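Peer 1: can you look at this prediction? I've put the sequence above it.
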Amino acid sequence: MITKKRKVANAKVDKDKVYSLKEASALVKEINITKFDSSVDIHVRLGVDPKKADQAIRGTVTLPHGTGKTKRVLVLCTPDKEAEATAAGADFVGLDEFITKIEGGWTDIDVIVATPAVMPKIGKLGKVLGPRNLMPNPKTGTVTNDVAGAINDLKGGKIAFKVDKVGIIHASIGRVSFSADKLAENSAELVSALIKLKPPTAKGTYLRGVSMASTMSPGIAVDTKSFVN
């Protein structure tokens, strides 16, 4: 059942219009219908075939204004790295005890950083961590000996992205409490990173569609030219 607030929000979005990034960033704030500080997400449809290894786009980007959410970071490491991880602000630090907890179904974290030395032990957690996009990966900077640097990046607005099976990237780029300018700048930073990752084998239009939405609110189509130009 559509609520009255949702009907009002729907009426403010012209489904036949493609909005500029500036317009969309202002409108997404205006049509928010939640009483809490909703997440603002961007969805980017790419002209890639994710089944092909060289077109399975994934990577990281540091948003200039962060996401508005403090990430809960677990560091899995050897004892000699624990003090460094704790000092850098990790929420949880250890190894065997957390492996046991994860095997039991515990995933109350947003990201896991691991040192290369412990990856053989973590491999068996793939069935639990993989579906939740929590598995540490060198490509996203979460398998590293520089645990302090990784934590600082993650706490400072670094996000990971990965194309889904139909060629769409989904990412949070802020909160409705952000100014429209900050939402626009974060969106532009993400899409710029995606454009730089365009695989040589991708044919046709690469940036096929972009939409922006806050939690429980209608999507807003964004003009791809706002990013290309």
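Peer 2: That came through, no problem.

Peer 1: K182: how many residues sit nearby?
Peer 2: By other C-beta atoms under 10 Å, the residues close to K182 number 20. In short, each C-beta sits where N, CA and C put it, glycine included.

Peer 1: that one contacts H65, doesn't it?
Peer 2: Yes: in this structure, K182 is within contact of H65 by C-beta atoms under 8 Å, at 4.3 Å.

Peer 1: name the residues contacting each of these two.
Peer 2: Here K182 and H65 have G174 as joint contacts, going by C-beta atoms under 8 Å, 6 or more residues apart in numbering.

Peer 1: where does the prediction get shaky in the chain?
Peer 2: Scanning the chain for pLDDT under 70 picks out 1, 229.

Peer 1: all strands for it, in order.
Peer 2: If DSSP state E is used as the criterion, the strands of the chain fall at 39-46, 58-62, 73-76, 92-94, 111-114, 158-162, 168-175, 207-214, 220-222.

Peer 1: including distance to K121, could those go into CSV?
Peer 2: Shown next, in CSV, are the strands of the chain (distance: least, C-beta to C-beta, whole Å):
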stretch, distance to K121
strand 39-46, 33
strand 58-62, 24
strand 73-76, 8
strand 92-94, 12
strand 111-114, 9
strand 158-162, 22
strand 168-175, 30
strand 207-214, 39
strand 220-222, 43
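
Peer 1: got a list of what the closest residue to T115 other than its chain neighbours touches?
Peer 2: What sits nearest to T115 in space, not counting adjacent residues and going by C-beta to C-beta, 6 or more residues apart in numbering, is C77, at 4.5 Å. C77 is in contact with 85, 93, 95, 113-115, 117-118, 147, counting by C-beta under 8 Å, 6+ apart.

Peer 1: any idea which of those has the most stuff around it?
Peer 2: Of all these, the most densely surrounded is V113 (28 neighbours; neighbours counted as other C-beta under 10 Å).
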